[in-house]
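Chemist: Give me coordinates for this.
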Amino acid sequence: MTRPNSPWQSLDTRIAILFFILTFVFSTAYVMVRPMGTLDEEPRVGAHVARGHGFLTSLDPSATAEPTAWVPPGYPLLCAAVYGVLGVETPAALRTLLVINAFAFGILISGTFVVGRLVFGRQVAIVTAALLIIHPIFFLRLTYFWHTYIAQAMLV
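Modeler: Numbering: from 1, shown residues only. Have a look, this model is predicted:
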């Protein structure tokens, strides 16, 4: 039970949580039924890291590939951690990375509502977050393996 002045009783908090849940559930369903995009640079570098090769170029899958600093290390390390648990580039590992994208997309939408509410008001924030959910560049790119969702969610 919440106290009378608890932040959970705030309508804005409940709206932000609702945006997160709806976006995460809808996005997760989308990435589970839609064919996966091609592997981008980050998960290929993550495969090298998971195999113990280190940060090697994504252009060559062999253990003798050249070292690279092409991509920031965060997402390849996340990919390597998922690969370490579920296997390198297995369907389960790749779907897990897509669910992480969906989670970050939910945070992005919820955070957009919160920032919009602080700056412009509740009605504008609701419309902005709702429009961002259906924005084709964000929504259709959910099935690609890239660090952008996580970086944007952290920024918001």
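
Chemist: does the residue most central in space within the chain belong to a helix or a strand, and which?
Modeler: Nearest to the geometric centre of the chain sits N101, at 2.4 Å (Cα atoms, centre = their mean). Using DSSP states H and E, N101 sits within helix 91-119.

Chemist: by contact count, what packs against that helix?
Modeler: helix 11-33, helix 74-86, helix 122-133, helix 136-140, helix 148-155 (3 or more Cβ pairs under 8 Å, 6 or more residues apart in numbering; DSSP states H and E). All C-beta spots, glycine's among them, are computed from the backbone N, C-alpha and C.

Chemist: Name the stretch among those helices that sits most buried.
Modeler: helix 74-86 (a mean of 19; mean count of other Cβ atoms under 10 Å).

Chemist: Counting by contacts, list what that helix packs against.
Modeler: On a contact count with 3+ Cβ pairs under 8 Å, 6+ apart, helix 74-86 meets helix 41-50, helix 91-119, helix 148-155.

Chemist: Quick one: residues contacting the residue lying closest to H53 once chain neighbours are set aside.
Modeler: Spatial nearest neighbour of H53, excluding adjacent residues (Cβ to Cβ, 6 or more residues apart in numbering): A63 at 4.9 Å. Neighbour list for A63: H48, R51, H53, L56 [criterion: Cβ atoms under 8 Å, 6 or more residues apart in numbering].

Chemist: ok, now V88?
Modeler: Counted by Cβ under 8 Å, 6+ apart, V88 has contacts A47, A50, R51.

Chemist: returning to that earlier point: the residue nearest to H53 and R95: what is the separation?
Modeler: As judged by Cβ to Cβ, to the nearest Å, A63 and R95 stand 26 Å apart.

Chemist: which regions of the protein lie under the pLDDT threshold?
Modeler: 1-9 (pLDDT under 70).

Chemist: So it: which segments form each domain?
Modeler: The chain breaks down into these domains under automatic domain parsing: 10-36+89-156, 40-85.

Chemist: Count the residues that sit near A104.
Modeler: A104 has 22 neighbours, counted by other Cβ atoms under 10 Å.

Chemist: wait, doesn't it sit right on I150?
Modeler: Yes: counting by Cβ atoms under 8 Å, A104 touches I150, with 4.7 Å between them.
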